[in-house]
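S.K.: Here is my input, please return the structure:
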Amino acid sequence: MKVVVIGGTGLIGSKLVAKLDEHGHEAVPAAPNTGVNTLTGEGLAEVLRGADVVVDVSNSPSFADDAVMEFFVTSTTNLLKAEAEAGVKHHVALSVVGTERLQESGYFRAKLAQEKLIKESGIPFSIVHATQFFEFLKGITDAATEGDTVHLAPVRIQPIHSDDVAAAVGRTAVGTPVGGVVEVAGPEAFRLDELVRKALAAKNDPRTVVADPKAPYYGAQLQEDSLLPGPDASLAETRLADWSAQQR
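M.R.: This is a model prediction of the structure:
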């Protein structure tokens, strides 16, 4: 089948395109650097011609509240309109575990708005909620850093390898639309502060991690289970230690 991957040249998108190609599908990466811009609509009609499935793994270049809302609402609206006109049979979007619980954050408000548009579009859909990627731990740490101190809520997190996310999205894309949300997570849960403390120690990073229950997470206050998947989540195989060993 022809699968158009919006954001197909990014971290998840490039891995997804490769996996779909390996399984004999026609995977087409679509991004501004391939001439497709979901914000303006440029190139959408052309790239979607003959597409069976569209997978949206794109992300906003800015996390500022107004900018991120504008990105997800405008790009998703344009994309769904073009899909309806092209007769696309399945829309798949990658989102984040806990999105509905993190509505103090402008980013997660925008993701929830994106999901609402998809659900109301009339196009058969599947939404994949993934936990945070191993690759994003550095960004989480840097965002929580003030001077030489990292303030993080001591809550549980179950991070996942980006390869496993791409595999889960790929399986969903070539399957029957679920008409709802499926969750995927890593195989191990950690305390967020302990996880970052160990990661910094492994790199001889001198920053000090402080367990702070009131520390915000991209603008949202965290509860114990805010970042955890539900009991029906599919668990990936790659453990953090295995991924860390690959980075050396």
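S.K.: Now for this structure, the helix or strand with the poorest mean pLDDT.
M.R.: Ranked by mean pLDDT, DSSP states H and E, the weakest helix or strand in the chain is helix 240-247, scoring a mean of 88.
S.K.: Mind listing residues that contact that one?
M.R.: Phe134, Pro159, His161, Gly186, Glu188, Phe190, Leu195, Ala202 (CB atoms under 8 Å, 6 or more residues apart in numbering). (Each C-beta comes from the backbone N, C-alpha and C, glycine too.)
S.K.: swap the cut-off to 6 Å and go again
M.R.: If you take CB atoms under 6 Å, 6 or more residues apart in numbering as the criterion, helix 240-247 is touched by Phe134, His161.
S.K.: now do stretch 175-193
M.R.: Contacts for stretch 175-193 (CB under 6 Å, 6+ apart): 90, 97, 124-131, 152, 154-160, 168, 209, 211, 229-230, 233-236, 239.
S.K.: PyMOL command for the buried members of these?
M.R.: Buried subset of the contacts of stretch 175-193, written as a PyMOL selection, criterion 16 or more other CB atoms under 10 Å:
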select buried, resi 90+97+125+126+127+128+129+130+131+152+154+155+156+157+158+159+160+168+209+229+233+236
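S.K.: Inside strands: which ones of the contacts of stretch 175-193?
M.R.: Those of the contacts of stretch 175-193 mapping onto strands are 90, 125-130, 152, 156-157, 209, 211, 234-235, per DSSP state E.
S.K.: Do a quick rundown of the helices in this protein.
M.R.: Here the chain has its helices, by DSSP state H, at 11-22, 44-48, 65-86, 106-119, 137-143, 162-173, 192-202, 240-247.
S.K.: Now that we have the ones you listed, can you turn them into JSON lines and tack on distance to Ala31?
M.R.: Listed next are those as JSON lines, based on distance: least, CB to CB, whole Å:
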{"stretch": "helix 11-22", "distance to Ala31": "7"}
{"stretch": "helix 44-48", "distance to Ala31": "10"}
{"stretch": "helix 65-86", "distance to Ala31": "11"}
{"stretch": "helix 106-119", "distance to Ala31": "17"}
{"stretch": "helix 137-143", "distance to Ala31": "20"}
{"stretch": "helix 162-173", "distance to Ala31": "15"}
{"stretch": "helix 192-202", "distance to Ala31": "30"}
{"stretch": "helix 240-247", "distance to Ala31": "25"}
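S.K.: of all those helices, which gets the most neighbours per residue?
M.R.: For those, average neighbour numbers computed from mean count of other CB atoms under 10 Å are highest in helix 162-173, which has a mean of 22.
S.K.: got the angle between that one and helix 11-22?
M.R.: Interaxial angle, helix 162-173 versus helix 11-22 (axes from the mean of the first three to the mean of the last three CA atoms, to 10 degrees): 60 degrees.
S.K.: average pLDDT across helix 162-173?
M.R.: Across helix 162-173, pLDDT averages out at 97.
S.K.: Next: stretch 147-159.
M.R.: Averaged over stretch 147-159, pLDDT sits at 97.
S.K.: what's next to that stretch, contact-wise?
M.R.: Outside stretch 147-159, the residues touching it (CB under 6 Å, 6+ apart) are 131-132, 134, 141, 144, 185-186, 189-193, 196, 207-213, 215, 222, 224, 227-228.
S.K.: which one is the residue of the chain most remote from its centre nearest to, not counting chain neighbours?
M.R.: When each C-alpha in the chain is compared with the mean C-alpha position (CA atoms, centre = their mean), Pro206 comes out farthest, at 29.7 Å. Among residues not flanking Pro206 along the chain, Asp148 sits closest, at 6.5 Å (CB to CB, 6 or more residues apart in numbering).
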